[in-house]
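Colleague: what shape does this take:
(one chain, ligands or ions: 2)
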Amino acid sequence: MKPVAAPSWLFDSVGYEVYIRSFCDGNGDGIGDLPGLSSRLDHLARIGVGIVWITPFYKSPMADFGYDVADYRAIDPVFGSLDDFDRVIARAHDLGLRVVIDIVPNHSSISHAWFEAARADPQGEYRDYYIWRDPSPDGGPPNNWMSHFGGPAWTLDEASGQYYLHLFLPEQPDLNWRNPAVHREFEQILRFWLDRGVDGFRIDVAHAMVKDEQLRDNPMLMPLDGVTDARYQFACMDHKYDLTQPETLDIYREWRRIVEPYGAALIGETYVLDAADLAKMLPGDGLHTGFWFTPMHMGWEANTIRRTLKAATDAVPAGVGWVQSSHDESRPVARFGGGDLGRRRSLGLSVLMMGLPGVPFIYEGEELGLDDGVVPTDRLTDPVAVRNEGSVGRDPCRTPMPWGPGPNLGFSTAADTWLPLGHDEQWSVASQSADPESHLNRVIAMIKVRNSLTDLAGERASWMDRDDGVVAFTRGDNMFALNADDTARVLDCDPTWTCLFRSQPDPSVPTASDGRFELRPGEGMILARTRGVR
Ligand code: NOJ
Ligand code: CA
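Modeller: Ligands and ions are numbered 1, 2, ... in the order given. You can find the predicted model right below:
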């Protein structure tokens, strides 16, 4: 496969996802914003990340908290102004951080002027910006597609008698990427932000922008039961016709030509859980890379972890975006056993991700080892929770960042915050900074080592075949290992290997000089082979 030629900084950096509503509130209204982000960018520089990805801040009615965009060139007043955005870029660049913004091209908001015009005039030029169809013969939706958030992917527009498509909320109508006018609009939008200095785009729903031309029914894999959660129901279908259509690659290629002169990067939210399918989305001439999401769904078991990570290094050797958490999933600390156990495991897994080809991303609060925040039922606000009874949705991973002492742990001076604080002060940045053994300080040390490994580029991951619960690979002169077992294990290397980082510091466990390294349960380790002794 042709290697992905990316901007030189992309695969040399660790990325950090800022979920802007919950990062830092600059104006005291209880919601994170751009001035708040500017005031805390030094935290990112201090932990050593090189890329900051900011979730959507565009004008929006917030049906999906910003993933429903009403104007792609305007900042929502809740988040600030274009001047505030320019200040984020300037401050980030001063600190040596690259800024990647979230672009949402699969769908707009129903409040976007395009959709309002499309709805108002079925004969007008904007109608074809979206996907409209007559009802099926029985009067129901035109096909069997489902919304990711539950229910049918179609909503009837009573006035015209036609349905419009939305793979997410009815407030998020899908754009019609088979219409060249939509391509022209987005070219202008990309240039608008590139000219303001952004270094790249995280492309929302990158895998689904083009739909089957005939809008055929998806084949069913198993019958819908109508009761289980929306995600399970969505998985009952083979998404043959709504997702991963090959024509989507043409958009990436077009965008590649737009961003390349700016040295900017395209990172797809390629939500494709099969590595071979992911590889089809990343042939090398479009997106520079795409996220590999399957690690967010794996259990804690060595063979599963190895298989899940290796699947992506085999299928996309040039590198993927590595994530174990995001604003869409329960936090890894919670998924991997909760509390200290979950924290240890999550950090051990990070060690592997730091060494794999591509870009390891951490999600705000992951550096603090945050567990899911507790959100009382009457405070749940995510549409996924509101629409699906019994689901907590995505709010527990979106509770505000704990920064330090003071009102709302330094997140906001407001009387109340948009989501309740999910954590105690002991997990805040200030408390953990003061403790040399804290999770935060381990993460900082780990990223420092990762940033010092300048000879990783171009090296493939070579997986070790072990059956004792240790997951490990070498890349060039480095080794990355995780003990996913519940008992201590030994890495038996030759004496040319030294330990550069271990995720669980403990003076009682010597860093061996004879090439034998003990890994405690959940522990991750980065090693280096002494140069010249190969
Ligand atoms: C993926 C985003 O990460 C998620 O938060 C959003 O709800 C959907 N795309 C729809 O835009
Ligand atoms: Ca605010």
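Colleague: would you confirm that Phe291 contacts Leu266?
Modeller: No: if you go by C-beta atoms under 8 Å, Phe291 and Leu266 don't touch, sitting 12.0 Å apart. C-beta coordinates here come from the backbone N, C-alpha and C atoms, glycine included.
Colleague: nearest spatial neighbour of the closest residue to ligand 2 within the stretch 351-500 of the chain, skipping sequence neighbours?
Modeller: Nearest residue of the stretch 351-500 of the chain to ligand 2: Ser412, at 7.0 Å (C-beta to the ion). In space, Ser412 comes closest to Asp25 once its chain neighbours are excluded; the distance is 3.5 Å by C-beta to C-beta, 6 or more residues apart in numbering.
Colleague: okay, now that neighbour: neighbour count?
Modeller: Look at Asp25: counted by other C-beta atoms under 10 Å, it has 26 neighbours.
Colleague: what helix or strand does it sit in?
Modeller: Using DSSP states H and E, Asp25 sits in no helix or strand.
Colleague: quick one, strands of the stretch 151-300 of the chain?
Modeller: For the stretch 151-300 of the chain, the strands defined by DSSP state E, counting those that start in this stretch cover 154-157, 162-165, 200-203, 265-268, 289-292.
Colleague: so what secondary structure elements neighbour the third one?
Modeller: Meaning strand 200-203. strand 98-103, helix 248-259, strand 265-268 (3 or more C-beta pairs under 8 Å, 6 or more residues apart in numbering; DSSP states H and E).
Colleague: does Phe473 have beta-bridge partners, and which?
Modeller: Per DSSP bridges, the residues bridged to Phe473 are Trp463, Phe480.
Colleague: looking at it, it is touching Leu482, isn't it?
Modeller: No: counting by C-beta under 8 Å, Phe473 stays clear of Leu482, with 9.9 Å between them.
Colleague: stretch 389-396 close to ligand 1?
Modeller: No: using C-beta under 6 Å from any ligand atom, stretch 389-396 stays clear of ligand 1, with a minimum separation of 7.0 Å.
Colleague: what does that stretch rub up against?
Modeller: 229-230, 327-331, 334, 372-375, 379-386, 419, 422 (C-beta atoms under 8 Å, 6 or more residues apart in numbering).
Colleague: show the average pLDDT along that stretch.
Modeller: Stretch 389-396 shows a mean pLDDT of 92.
Colleague: quote the end-to-end distance of that stretch.
Modeller: Chord length of stretch 389-396, first to last residue, is 16 Å (C-alpha to C-alpha, to the nearest Å).
Colleague: run the chain-centre distance for that stretch.
Modeller: Mean-position distance between stretch 389-396 and its chain equals 19 Å (C-alpha atoms, centre = their mean, to the nearest Å).
Colleague: list the buried ones in it?
Modeller: Buried residues in stretch 389-396, counted by 16 or more other C-beta atoms under 10 Å: 391-396.
Colleague: which secondary element of the protein has the worst mean pLDDT?
Modeller: The helix or strand of the chain with the lowest confidence, counting by mean pLDDT, DSSP states H and E, is helix 230-234 at a mean of 84.
Colleague: list the buried residues of that helix.
Modeller: 230, 233-234.
Colleague: which one of these is nearest Arg87?
Modeller: Nearest to Arg87 out of those is Ala230 (C-beta to C-beta; 38.6 Å).
Colleague: distance of the closest one relative to ligand 1?
Modeller: Ala230 sits 12 Å away from ligand 1, going by C-beta to the nearest ligand atom, to the nearest Å.
Colleague: what's the answer for Gly469, then?
Modeller: Look at Gly469 and ligand 1: by C-beta to the nearest ligand atom, they are 33 Å apart.
Colleague: quick check: pLDDT value at that residue.
Modeller: Per the predicted model, pLDDT is 98 at Gly469.
Colleague: give me the neighbour count for Thr308.
Modeller: By other C-beta under 10 Å, 20 other residues sit near Thr308.
Colleague: which of the three states applies to it?
Modeller: Put simply, Thr308 is helix when judged by DSSP: H, G, I helix; E, B strand; the rest coil.
Colleague: ok, it touching Thr294?
Modeller: Yes: using C-beta under 8 Å, Thr308 makes contact with Thr294 at a distance of 5.2 Å.
Colleague: before we move on, the earlier item: quick one: buried ones out of the contacts of stretch 389-396?
Modeller: Listed as buried from these are 230, 327-329, 331, 334, 372-373, 375, 380, 382-385, 419, 422; burial here means 16+ other C-beta under 10 Å.
Colleague: just the ones of those in helices?
Modeller: Within the buried ones among the contacts of stretch 389-396, residues falling in helices by DSSP state H are 230, 334, 383-385.
Colleague: let me have these in TSV, extended by distance to ligand 2.
Modeller: Converted to TSV, these look like this (distance: C-beta to the ion, whole Å):
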residue	distance to ligand 2
Ala230	30
Ala334	27
Pro383	21
Val384	23
Ala385	23
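Colleague: from those, which two are the most distant?
Modeller: Ala334 and Pro383 (21.1 Å).
Colleague: where does pLDDT dip in the stretch 301-450 of the chain?
Modeller: Applying pLDDT under 70 to the stretch 301-450 of the chain flags no residue at all.
Colleague: around ligand 1, pick out the residues from it.
Modeller: Near ligand 1, when you scan the stretch 301-450 of the chain using C-beta under 6 Å from any ligand atom, you find 327-328.
Colleague: again with the chain
Modeller: So far as C-beta under 6 Å from any ligand atom goes, the chain lies against ligand 1 at 64, 67, 104, 168, 204-205, 269, 327-328.
Colleague: looking at these, which is nearest Gln245?
Modeller: Nearest to Gln245 out of those is Val205 (C-beta to C-beta; 12.5 Å).
Colleague: next, the contact list for the closest one, please.
Modeller: For Val205, the contact set (C-beta under 8 Å, 6+ apart) comprises 104-107, 167-168, 269, 271.
Colleague: which of the residues in stretch 306-320 are buried?
Modeller: Neighbour counts using 16+ other C-beta under 10 Å place 306, 308-313, 315-320 of stretch 306-320 among the buried residues.
Colleague: Phe361: what secondary structure?
Modeller: The local conformation at Phe361, judged by three-state DSSP, is strand.
Colleague: tell me how many other residues surround the closest residue to it other than its chain neighbours.
Modeller: In space, and not counting its chain neighbours, Phe361 is closest to Gly15: 3.9 Å by C-beta to C-beta, 6+ apart. Residues contacting Gly15 under the criterion other C-beta under 10 Å number 25.
Colleague: just to check, the residue of the stretch 351-500 of the chain closest to ligand 2 is in contact with Pro400?
Modeller: Yes: assessed by C-beta under 8 Å, Ser412 is found in contact with Pro400 at 7.0 Å.
Colleague: need the overlap of contacts for the two.
Modeller: 25, 32.
Colleague: Leu491 in helix, strand or coil?
Modeller: Following three-state DSSP, Leu491 is assigned to strand.
Colleague: that one reaches Phe480, doesn't it?
Modeller: No: in terms of C-beta under 8 Å, Leu491 does not count as a neighbour of Phe480; the distance is 10.8 Å.
Colleague: how about the contacts made by the residue nearest to Ser412?
Modeller: Counted by C-beta under 8 Å, 6+ apart, Asp25 has contacts 31-33, 36, 400, 408, 411-414, 417.
Colleague: for Gly32, give me phi and psi.
Modeller: Main-chain torsions, Gly32, degrees, to the nearest 10: phi -60, psi 150.
Colleague: before I go, just wanted to say thanks for your time.
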